[in-house]
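1. A structural model of the following input is requested.
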Amino acid sequence: MLSPKTSRSARSFLIAEALILLTSTQFPSVAAERNQHVARPNSDMQSTASHMLAAESAMYKINGTLSDGALSVRLTRASDGTAVVGAKLGLTINGQTDSAAEKAGGVYVYRSGSLKSENANYEVVVTIEDGQQNDLLVGTLASTHARAEEHDHKRDFRDADKHDAHAEKDDGREKHDHSAESRSSGHSDHRHSDSDDKKEDDHGSEKHADGGDNQDGHEGHGEDSHGDERAVKLTPAVMEEFGIKTERADRGSIAKLITRPAEVSFNLEHYTHVVPRVGGIASSIRVSQGDRVKSEQVLAEFESRELAGLKADYLGAIERFDLARSEFQRIQALRKKGVASEKTYLATRSVFVEARIALRSARQKLSSIGIRGKVLQQIVKEPDANIARYIMRSPIDGVVISRHLVRGELVSTEREAFVIANLSSVWIDISVYASDIPVVRAGQQVILETETGEKAAGSISFVSPDVSEKTRTAKARVVLEGNSSKFRPGMFIKASIAVSQSDVAIRVPKSAIHVQDTKTVVFANEDGAFKPRPVTVGRQNDHYAEITEGLKPGETFVTEGSFLIKAQLSKASFGDGHNH
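-> Next comes the predicted model:
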């Protein structure tokens, strides 16, 4: 209460100050009552939402609500809060990835039958493609019921703390009012200095109250909400989705490598030129370039006059052989009875032997053009219309590398019609300098790498005994199995030859080592969370490094896909974990 003795100017000053304080956010009960009608539409809109999502990066900010299996996400720019339209959003929830459909005004909708309102929380990974900019955000789609209980609990503590702080402030103000009244009644000439003292006191109390609010805001996070800002927890589904791979620290060897250029070529042991055995006109072509074929699969058909002549000779030889054999068998029987003369017997036997030789010759000619076995036996049963038909078949399993044949083309036996190669294995020919020849030998391990970063390992099968006159290099060959999709003939690659080995206590891939905050680290798994672990690197090559300090045998660390962990740690460094 204000004393009647208080001057009019002092009363006006205190009343104005009280009005300002009562309408400010430092009195949460009054401010909440004043803003109740303003906040009600937003609360009504969220009342139907079972879950809410919020995440932010240096470039983007997302807010979303889940209702009836549909997750509506609003995408805005972190710099100015403007809506982002025309972007492509991909969401990964519980290991399932799908795209969100854009509605309007930067709002995107993701629907999935796996999103249930009764579930507690979902871990959400959002990938954003916005023109030339890409980003990745990770957040939690949390139940609104759990959030409301947590918010009410924190608000009760904040209201209690603020009420105590304002009570202390009011007590100080009343004491100051009594002091001001006593001074105004007896010492009016000192009123100016008293007013200055009151302002300083009020300013100090306001600073104290503000400090209390900020402290309360930080305490509201708590250790359970914050966690360790230098650690990232990822579910197995997210790790699989983003290709995050781990290994256990173990012993290994660090090789001394020499890196030399190499070229991928066809394995000539599984490479063939398909050439027609007889000339003719192509009537049907069954395969195209790039097709996979099996051994004995039909490639093309020809109409060949030459083949017709060979088949006719063979059929004639069969007829003559059968006739000569029958005549010889008849004369032989008569000779035994003494009816046929010796001269007649010898003449008939000579004709039979010549017919047999002619039949063998005709059969060998057909066999030389690929007609043998059951196909040869079927010639006798073929109709006259098929006597000139020649069928070209594939000699191996493989891929049609090239085709030099079109329908109606006159084909000769002097050029290839198809080239077929089995790409299950390829040759890697490494250029070895003359100075390398003393240390390069068969059996050494080789790490192969393409220009796109694809890697494979093999061993040297042989080193050529000669040196090329043009390049002055020798050739070391690696037979690489099962990598035809990554290592294609004609590619130029790098080959790192391990010419010596050194055993180390802990060896890690170079891809596991990163520089963060000017420190060399690996992301180690500690209690189910990945943390940056400072390490000391010893001997190393282009592929592996020795860890002398910071990592113990048996500890798990990330070898591939660390970008997601680094993104999460970068968010923490920007303060996203505080949500201030």
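2. Can you verify residue 320 is assigned to a helix?
-> Yes - Residue 320: assigned to a helix according to DSSP: H, G, I helix; E, B strand; the rest coil.
3. quick one: residue 270 and residue 426 touch, right?
-> No - counting by Cβ atoms under 8 Å, residue 270 does not reach residue 426; the two are 9.2 Å apart. C-beta here means a position set from N, CA and C on the backbone, and glycine is covered the same way.
4. what about the two, which has more around it?
-> For residue 270 and residue 426, the more surrounded residue by other Cβ atoms under 10 Å is residue 426, and the numbers stand at 24 against 16.
5. hang on, that one is in a strand, isn't it?
-> Yes - when three-state DSSP is applied, residue 426 is found to be in a strand.
6. hang on, it packs against residue 489?
-> Yes - with contact defined as Cβ under 8 Å, residue 426 reaches residue 489; the gap is 6.1 Å.
7. Name all residues that sit in contact with these two at the same time.
-> Shared contacts of residue 426 and residue 489, defined by Cβ atoms under 8 Å, 6 or more residues apart in numbering, comprise 264, 265, 266.
8. Where neighbours are concerned, which of those residues has the most?
-> Within the shared contacts of residue 426 and residue 489, neighbour counts (other Cβ under 10 Å) peak at residue 264, which reaches 22 neighbours.
9. Leaving out sequence neighbours, find the closest residue to it.
-> Counting by Cβ to Cβ, 6 or more residues apart in numbering, residue 264 lies nearest to residue 491, which is 4.5 Å off, once chain neighbours are set aside.
10. State the pLDDT value of that neighbour.
-> pLDDT, residue 491: 94.
11. Now stretch 441-457: buried residues?
-> Neighbour-count burial for stretch 441-457, counted by 16 or more other Cβ atoms under 10 Å, picks out 444, 445, 446, 447, 448, 449, 450, 456.
12. Sorry, wrong one. I was asking about stretch 518-530.
-> Those would be 520, 521, 522, 523, 524, 525, 529, 530, for stretch 518-530 by 16+ other Cβ under 10 Å.
13. ok, the nearest residue to residue 251 once chain neighbours are set aside - contacts?
-> Computed as Cβ to Cβ, 6+ apart, the closest residue to residue 251 that is not its neighbour in sequence is residue 505, at 6.0 Å. For residue 505, the contact set (Cβ under 8 Å, 6+ apart) comprises 251, 546, 553.
14. Show me which of those residues is closest to residue 481.
-> residue 251 (27.5 Å; Cβ to Cβ).
15. wait, the closest one sits on residue 506?
-> Yes - using Cβ under 8 Å, residue 251 is in contact with residue 506, at 7.1 Å.
16. Give me the common contacts of those two.
-> Joint contacts of residue 251 and residue 506 (Cβ under 8 Å, 6+ apart) are residue 553.
17. And those two? Which one has more around it.
-> Neighbour totals were compared for residue 251 and residue 506, and residue 506 leads with 22 against 10 (other Cβ under 10 Å).
18. Just give the closest residue to that one, not the sequence neighbours.
-> Spatial nearest neighbour of residue 506, excluding adjacent residues (Cβ to Cβ, 6+ apart): residue 547 at 4.4 Å.
19. Of all the residues in the helix or strand hosting that neighbour, which ones are buried?
-> Assigned by DSSP states H and E, residue 547 belongs to strand 544-549. Buried residues in strand 544-549, counting neighbours by 16+ other Cβ under 10 Å, are found at 544, 545, 546, 547.
20. Can you tell me the closest non-neighbouring residue to the spatially most central residue of the chain?
-> Closest to where the C-alpha atoms of the chain average out (Cα atoms, centre = their mean) is residue 243, at 5.6 Å. With sequence-adjacent residues excluded and distances taken as Cβ to Cβ, 6+ apart, residue 243 is closest to residue 561, at 4.4 Å.
21. and that neighbour, what does it touch?
-> Counting by Cβ under 8 Å, 6+ apart, residue 561 has contacts 239, 242, 243, 244, 245.
22. Now list the buried members of these.
-> In those, the ones that pass as buried (16+ other Cβ under 10 Å) are 239, 242, 244.
23. What score does the last one have for pLDDT?
-> pLDDT, the model's per-residue confidence, is 89 for residue 244.
24. can you check residue 459 too?
-> 94.
25. How about residue 53?
-> We have a pLDDT of 85 for residue 53.
26. Quick check: phi and psi on it?
-> Main-chain dihedrals, residue 53, degrees, to the nearest 10: phi -130, psi 140.
27. Please report how far it lies from residue 94.
-> 14 Å (Cβ to Cβ, to the nearest Å).
28. more neighbours, these two?
-> residue 53 (23 against 14).
29. Tell me what that one is bridged to.
-> With DSSP bridges as the criterion, residue 53 is bridged to residue 64.
30. Kindly report the same for residue 557.
-> residue 247, residue 524.
31. That one and residue 526, how far apart?
-> Distance from residue 557 to residue 526, by Cβ to Cβ: 10 Å.
32. Give me the domain ranges for this protein.
-> Domain assignment for the chain by automatic domain parsing gives 8-28+149-226, 55-146, 245-267+422-560, 305-370.
33. Same list (these) but as CSV, adding distance to residue 410.
-> Formatted as CSV, those follow (distance: least, Cβ to Cβ, whole Å):
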stretch, distance to residue 410
domain 8-28+149-226, 82
domain 55-146, 55
domain 245-267+422-560, 29
domain 305-370, 11
